[in-house]
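*Asks:* One predicted model, sequence on top.
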Amino acid sequence: MSIMNNRKGRTFIMQNKKVDVPSGKDALRWGVSLLEPLGNDSQTAWLEANLLLGKAWNKSRIKLLTTLDDYLETASWESYKNYIMCRVAQEPLQYLIGEQIFMSLCFKVNPDVLIPRGETELLVNEALKLGLDIKQPKVLDLCTGSGAIAVSLAYYLPDSEVFAVDISAKALEIARINAQANGVDNKIEFFCGDMFLALETKQFDIITCNPPYISATEYVELPVDVKKEPRLALYGGKDGLQFYRILGAGARDFLTEQGILLMEIGYKQGEEVKRIMEENGFGNIQIIRDWNGHDRIVTCTA
């Protein structure tokens, strides 16, 4: 096979005949040829091309693997080309395929929400350790975004009652969809508003928060694809600590006597966040590192 007008992918020459659409296998090769120069290793480029082809062709990964010799329909080929060119333009892969796996659950994502990341699973796992020891735990998730944390906790803590807050109404629409898709919509109450201002006076056993924590300097230096995620979910004020000050000032009023606050942090923010919590009277402050040895979670009690 050879390709004419390679970057547009319009005409394929197979067995000395021009065809308007390629086989699945040749479409993958074309996609990889454009994705590899972006700095992806071959394995990552193949994985992304597979995911985008499956999305365009409406096939599961297993079905795709067994039909790669089939020719695409024109509409599927056009969709696939569009996905590849969007990815070349640094559109996040998860937005293109419309989903992200988190805590072994599938979450719908779009440009209205931050893409859930593996590091945040550490926060959920720490909260689960605590929640499993509490009878009918009441959980509050602030800055819920896609609902990844709230939905995961509701799913894995069967007797929990979860409250989720976000200032973005569009993000909450996605969070509600994810709660329903994962069968926990009857266990979560959603509130639109600014942090604690969205709530009545309630007390919770566990408060979780993955707040915006990127500083002004760091925001300028973010990769292009990350900047395509909501600024509202990334930017944490000039020093990146704005939301930790809000948490420090307000969280104790919403925690039970034995309640615990768990926060995701930037990898250089551990000591600063610890200081903020100390100044606001929190105790038992711990900094938990991720698998790369970076500060990632701060926990503390009222």
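*Replies:* Looks like it came in fine.
*Asks:* quick one: contacts for the closest residue to Ile149 other than its chain neighbours?
*Replies:* Excluding the flanking residues, the one nearest Ile149 by Cβ to Cβ, 6 or more residues apart in numbering is Asp141, at 4.9 Å. Quick note: C-beta positions are derived from backbone N, CA and C, even for glycine. Taking Cβ atoms under 8 Å, 6 or more residues apart in numbering as the contact definition, Asp141 lies against 147, 149-150, 153, 162-165, 207-209.
*Asks:* residue ranges with poor pLDDT in the stretch 1-150 of the chain?
*Replies:* Residues of the stretch 1-150 of the chain that meet the criterion pLDDT under 70 lie in 1-19.
*Asks:* For it, just list every one of the helices.
*Replies:* For the stretch 1-150 of the chain, the helices defined by DSSP state H, counting those that start in this stretch cover 24-35, 42-57, 61-66, 74-88, 93-97, 118-131, 148-156.
*Asks:* Dihedrals phi and psi, Asp159?
*Replies:* phi -100, psi 20 (degrees, to the nearest 10).
*Asks:* That one contacts Gln136, doesn't it?
*Replies:* Yes. Asp159 is within contact range of Gln136, at 4.9 Å (criterion: Cβ atoms under 8 Å).
*Asks:* and the two most separated of the contacts of Asp141?
*Replies:* Farthest pair in the contacts of Asp141 (Cβ to Cβ) is Gly147 and Ile207. Separation: 15.7 Å.
*Asks:* out of the two, which sits in the busier spot?
*Replies:* Gly147 (32 against 27; other Cβ atoms under 10 Å).
*Asks:* I'd like the distance between the more buried one and Tyr155.
*Replies:* Note on Gly147: its distance to Tyr155, by Cβ to Cβ, to the nearest Å, is 11 Å.
*Asks:* got it, and Asn182?
*Replies:* With Cβ to Cβ as the criterion, Asn182 and Tyr155 are 6 Å apart.
*Asks:* Now the common contact residues for those two.
*Replies:* Joint contacts of Asn182 and Tyr155 (Cβ under 8 Å, 6+ apart) are Leu105.
*Asks:* follow-up on the earlier one: so what's the residue nearest to Ile149 bridging to?
*Replies:* For Asp141, the beta-bridge partners under DSSP bridges are Ala164, Thr208.
*Asks:* All further residue positions should be reported with the first residue as 7.
*Replies:* All set: I'll call the first residue 7, so the last point we hit is now Asp147.
*Asks:* list the contacts for Leu159?
*Replies:* 130, 133-134, 137, 145, 147, 166, 168, 212, 214.
*Asks:* among those residues, who's most crowded?
*Replies:* Asp147 leads the contacts of Leu159 on contacts (other Cβ under 10 Å) with 32 neighbours.
*Asks:* This structure - how does it break down into domains?
*Replies:* 8-95, 108-307 (automatic domain parsing).
*Asks:* and those domains, which is most packed in?
*Replies:* Of the domains of the chain, the one with the most neighbours on average (mean count of other Cβ atoms under 10 Å) is domain 108-307, at a mean of 19.
*Asks:* So what's the gap between it and the chain middle?
*Replies:* 12 Å (Cα atoms, centre = their mean, to the nearest Å).
*Asks:* What is the end-to-end distance of stretch 65-79?
*Replies:* By Cα to Cα, to the nearest Å, the extent of stretch 65-79 from end to end equals 13 Å.
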